[in-house]
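Asks: Dropping a prediction and its sequence here:
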Amino acid sequence: MSNIAITVYGAEQKCASCVNLPSAKETYEWLQAAIERKYDTEQIDFTYVDIDETQNNPEHQAFTQKIMDEEYFYPLVVLNGDVVGEGNPKLKSIYQAIETNGISPSS
């Protein structure tokens, strides 16, 4: 079984509609901790991408541009190239995407 990649895109400054929510970095840390409690994370790679920094990875560039073009809100959560949450991501949908990719909760 291959690894899955979970990438959270965000910025230091909160988006206008996210004022009462945690920052993107806090969301990334919370999400990583929640996933590590439920799953064996040896097969899960976590990445945080700051949308205000220059990106060399083409996928990161594409998602960063879509956020800048307001196609997506941040924090944007992407699992293996598929968007699984944005703005205020829900754990249930992220867990479902992880399990759809072949990773079961640890016992």
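Replies: Structure's in. What do you need?

Asks: can we go C-alpha only for contacts and neighbour counts from here?
Replies: Fine.

Asks: Touching, residue 24 and residue 85? I think so.
Replies: No - counting by C-alpha atoms under 8 Å, residue 24 does not reach residue 85; the two are 12.0 Å apart.

Asks: those strands in this protein, which residues are they?
Replies: 4-10, 44-50, 76-79, 82-86 (DSSP state E).

Asks: The last one: partners in the sheet, and parallel or antiparallel?
Replies: To tie it back to what came earlier, the one meant is strand 82-86. strand 76-79 (antiparallel) (DSSP bridges).

Asks: What mean pLDDT does the strand it pairs with get?
Replies: Mean pLDDT, strand 76-79: 98.

Asks: Name all residues that make contact with the closest residue in space to residue 45 that isn't next to it in sequence.
Replies: Take residue 45 and drop its neighbours on the chain: the residue closest to it by C-alpha to C-alpha, 6 or more residues apart in numbering is residue 5, 4.8 Å away. Counting by C-alpha atoms under 8 Å, 6 or more residues apart in numbering, residue 5 makes contact with 44-47, 78-80.

Asks: at 10 Å instead, please
Replies: Shown in contact with residue 5 (C-alpha atoms under 10 Å, 6 or more residues apart in numbering): 43-47, 78-81, 98.

Asks: Same check on residue 43?
Replies: Counting by C-alpha under 10 Å, 6+ apart, residue 43 makes contact with 1-5, 103.

Asks: Let me know the closest of those to residue 33.
Replies: residue 5 (15.2 Å; C-alpha to C-alpha).

Asks: And the closest residue to residue 104 other than its chain neighbours, how far from residue 98?
Replies: Leaving aside its chain neighbours, residue 104 sits nearest to residue 39 (6.7 Å; criterion: C-alpha to C-alpha, 6+ apart). As for residue 39, its distance to residue 98 is 9 Å (criterion: C-alpha to C-alpha, to the nearest Å).

Asks: From the contact counts, what lies against the longest helix seen in the chain?
Replies: For the chain, the longest helix by residue count, based on DSSP state H, is helix 24-38. Here helix 24-38 touches strand 4-10, strand 44-50, strand 76-79, helix 91-100, going by 3 or more C-alpha pairs under 10 Å, 6 or more residues apart in numbering; DSSP states H and E.
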